[in-house]
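I'd like to go over a predicted model; first the sequence, then the structure.
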Amino acid sequence: MRFRIFTNDRGKAGGVAKYSALKDVNASSPETAVRLCPPGFNGYPYEPAVAIHWPASAQSDDEKAWLKRHVG
């Protein structure tokens, strides 16, 4: 499966962590995809990285809602 990893390099706006896309990866699960995130982009001082199914046609409603809230 293909995932896009999002990292919190945009700080917060209105108390909501803002993310941008880092890279696409192939992985068996979102958790495995996040493990492919380069050190320094996942966790302190940032919020944890998030992996979302890609392309948009493969996303769940929860993933779409997360993207709308955290990416814009």
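Nice, I can see it. Numbers count the residues shown, from 1 in each chain.

can you give me the strands in this structure?
Counting by DSSP state E, the segments of the chain that form strands are 2-7, 12-13, 16-17, 20-26, 50-53.

Could you count how many residues lie near residue 18?
Residues lying near residue 18 (other C-beta atoms under 10 Å) number 17. For every residue, glycine as well, the C-beta is placed using N, CA and C.

hang on, the earlier thing: got the strands of the chain as TSV, with mean neighbour count, mean pLDDT and distance to residue 61 columns?
Listed next are these as TSV, based on neighbours: other C-beta atoms under 10 Å; pLDDT from 0 to 100; distance: least, C-beta to C-beta, whole Å:
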stretch	mean neighbour count	mean pLDDT	distance to residue 61
strand 2-7	21	98	17
strand 12-13	10	94	23
strand 16-17	13	96	19
strand 20-26	14	97	20
strand 50-53	22	98	12
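
and the ones you listed as CSV, adding distance to residue 42?
Output for the strands of the chain, formatted as CSV (distance: least, C-beta to C-beta, whole Å):
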stretch, distance to residue 42
strand 2-7, 7
strand 12-13, 17
strand 16-17, 13
strand 20-26, 9
strand 50-53, 9
